[in-house]
Every structure is written in structure tokens, then in C-alpha cells.
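A.B. asks: from the sequence below, what's the structure:
(2 chains)
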Amino acid sequence: MIDIMPYLEILRYVLAGALLFGGAVFMIIGAVGMLRLPDFYARIHAAGITDTLATVMLIAGMMLHSGFTQTTAKLALVAIFLFLTSPTATHAVANAAHKAGLKPRLGKVQPPHPRDKMKGAK
Amino acid sequence: MGLGKFIGYLVSLSAMLVALWLTLSGYFDKPLLLSLGAVSVGITVLLVLRMRILDDEASPYHRLFGLVGFWGWLLVEIIKSSLIVSKNILRPEMLLTPRMVRVKTLPASTYGRVLFANSITLTPGTVSVDLDDDEIIVHSLLKEMTNKDDFAEMARRCARAVGEKESIS
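C.D. replies: Numbers count the residues shown, from 1 in each chain, chains lettered A, B, ... in the order given. Down below sits the predicted model:
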């Protein structure tokens, strides 16, 4: 009978690293969306990715990394607070824009291709 | 409010405050610090009683059991729509079809509605912009995310998660 505990331990760190990496990638995607999307309402959705999936992956990765400790319990609390407060903040911002009369671009919107932007920069 | 409910709220609020204190401090064997923690929990409960806000909203912890399953389902939805939005952000030929839609199928209770609006905002690609008595105005990045049945499904699950007996209004 081989002892599988050390392997599980390695697997835990690998999974934690993968989750942290994935979270970082989604953070960058959110930032790219912030820059590329055309108007205020569309940019909120890019911020939404960093708010939700990226944060969940980062916190889950940190929880796996710290194992069964007090830190994990605190991270779980952080996750719950974020899950309750971040949609409220997003809604407050979107609602303020709507009340102030900012009109979203509707229908079909096609932002410029990165290649064309490069041409313009020259 | 009946006495039974009152005691229920009181006990669950105190238990959650004790659990929060223990989680955040991490002390289990220092009598002085533990008694100081007990005093601060006691003062908090006294303040809540004095402010007369001890009700369903100040002590909503009995709802947690229904919410756990819902959050699991919501997490899957968040992952799915995050991938769709990310794919659209990274595409060089980005083609967006933004829309404002009115969602009229809502959970009956205030709690259910707050949970529903929050869930819409949490799902990337849709943001609840305005709340009225009988509708939520939702801005969506892509038109395939404004499927009526998907909103109805989410409303039904929200209503069930907060323990509404009847289905959506």
C-alpha cells in the first residue's frame, strides 16, 4: 500500500497555482475589455468579469494554498462579503448613470479592429 | 413578532457574532481575550435590541441553508457567461449587440427580488440598471443573453432559495 498523502499535497499546490493563474488571466481579460469596449454600460460588463470569476478563482486558489487554517476561514468571509457587495456597487453605478440620462449604444456595435488602431497611431 | 421568533433571531444573531469573533481573532485559549470578546458580542446584541432592529433583516442566517445550493448553481452560470464575454472581448472583430430589456417575471418577496437583481448583476454580460415595482431593467452586452426563459429560470430559483412557497408572480 503506497501512501498517497504526499501526492495529494502536491496536487493541492498544483491546483492552487492553476486557479491563481486562471484568476490572473481573467483579471487581464477584464482590463482589456475595459479598454476595448465602446461605452460605459459595456465596460461595466468587463469589470463584472474581474469582480466575479477572477475574484472567485483567486480566492479559491488562496484557500487551497493555505489549507485548513484560520486564513482559509477569513478568505471565505472575504468571498461572501465580495459576493454581497460587488453587485450592489455595480448596480449603484449603473443606476446612477441611468438616472442621469446616459443613453447606452444599442443595436449592433462594432469596435475598431486592433490592426486599424495601429495604423491610426502611425 | 412572536416570542419564539424573537428568541430564534436573538440566538442566531449571537451565535453568528460569536463565530465571527472566533474566526477573525483565532483565540481559543486566552481567558482574558475570550471574555473581552464575550463582552463585545453582548454590547452588540444590546445595541441591536435598543435600536429595535432585531428582525428578519438583522438576523437572516436561517436563510443560509437555502442559499448554499443556489450559489452553487449561480457559480456555474457565472463561469459559463464569463467565458462567453471573455471570448467576445478577445476577438479582434468584436461584434456586440447591446440591449436594454425589461424583465417582468420577478420573485414575490423583497428578499427574492434583491437576490434576483444581484444575481443578474453578478452574471457577467447582464447588469440590472433599474428596479421598479413590477420590472427590472437589464442592460445586456449580447442579445443571446436576454433569453426570457433564462431569466424566468433564475427568478424561479431565487424564489425557491429564499423559501417562497408559491412560484413567481
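
A.B. asks: tell me where chain A has helices.
C.D. replies: A:5-36, A:40-49, A:55-66, A:70-99, A:114-121 (DSSP state H).

A.B. asks: return the most buried member of the ones you listed.
C.D. replies: helix A:40-49 (a mean of 23; mean count of other CB atoms under 10 Å in any protein chain shown). Every C-beta, even on glycine, is put in place using the N, C-alpha and C of the backbone.

A.B. asks: is chain B contacted by that helix?
C.D. replies: Yes: using CB under 8 Å from any CB of the partner chain, helix A:40-49 reaches chain B at A:Tyr41, A:Ala42, A:Ile44, A:His45, A:Ala46, A:Gly48, A:Ile49.

A.B. asks: contact partners of that helix?
C.D. replies: A:26, A:29-34, A:37, A:90, A:93-94, A:97, A:102, A:104-105, A:109, B:82, B:85-86, B:89, B:96, B:98, B:121-127, B:129, B:139, B:141 (CB atoms under 8 Å, 6 or more residues apart in numbering or on different chains).

A.B. asks: CSV for the residues of helix A:40-49 next to chain B, including pLDDT?
C.D. replies: Output for these, formatted as CSV (pLDDT from 0 to 100):
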residue, pLDDT
A:Tyr41, 89
A:Ala42, 88
A:Ile44, 90
A:His45, 89
A:Ala46, 89
A:Gly48, 87
A:Ile49, 88
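
A.B. asks: quick check: closest non-adjacent residue to the residue most central in space within chain A.
C.D. replies: Among the residues of chain A, the one closest to the centroid is A:Thr50, at 2.1 Å (CA atoms, centre = their mean). Distances taken as CB to CB, 6 or more residues apart in numbering or on different chains put A:Gly30 closest to A:Thr50, at 3.5 Å, once the chain neighbours are dropped.

A.B. asks: and for A:Ala18?
C.D. replies: A:Gly61 (7.6 Å).

A.B. asks: neighbours around residue 69, how many?
C.D. replies: Let's take chain A. Burial of A:Thr69 is recorded as 11 neighbouring residues (other CB atoms under 10 Å in any protein chain shown).

A.B. asks: nope, chain B
C.D. replies: 12.

A.B. asks: go ahead and confirm it touches B:Leu75.
C.D. replies: No: taking contacts as CB atoms under 8 Å, B:Gly69 lies outside contact range of B:Leu75: 10.9 Å.

A.B. asks: need the pLDDT of the most centrally placed residue in chain B.
C.D. replies: The centroid of chain B falls nearest to B:Leu115 when counting by CA atoms, centre = their mean (4.5 Å). For B:Leu115, the model assigns a pLDDT of 88.

A.B. asks: any residues touching the helix or strand hosting it, and which ones?
C.D. replies: Secondary structure assignment for B:Leu115, by DSSP states H and E: helix B:110-122. Applying CB under 8 Å, 6+ apart, the external contacts of helix B:110-122 come out as A:48, A:51-52, A:83-84, A:86-88, A:90-91, A:94, B:60, B:63, B:67, B:70, B:74, B:78, B:103, B:106-107, B:126-128, B:131, B:136, B:138, B:151, B:154-155, B:158-159, B:161-162, B:164.

A.B. asks: quick check on these: which are buried?
C.D. replies: Burial by neighbour count, judged by 16 or more other CB atoms under 10 Å in any protein chain shown, picks out A:48, A:51-52, A:83, A:86-87, A:90-91, A:94, B:60, B:67, B:70, B:74, B:78, B:103, B:106-107, B:126-128, B:136, B:138, B:151, B:154-155, B:158-159, B:161-162, B:164 from these.

A.B. asks: can you pull the contacts of A:Ala60?
C.D. replies: Listed by CB under 8 Å, 6+ apart, the contact set of A:Ala60 reads A:Leu19.

A.B. asks: coming back round to it: the helix holding B:Leu115 versus helix A:40-49: what angle between them?
C.D. replies: Using axes from the mean of the first three to the mean of the last three CA atoms, to 10 degrees, one finds that helix B:110-122 and helix A:40-49 are set 90 degrees apart in direction.
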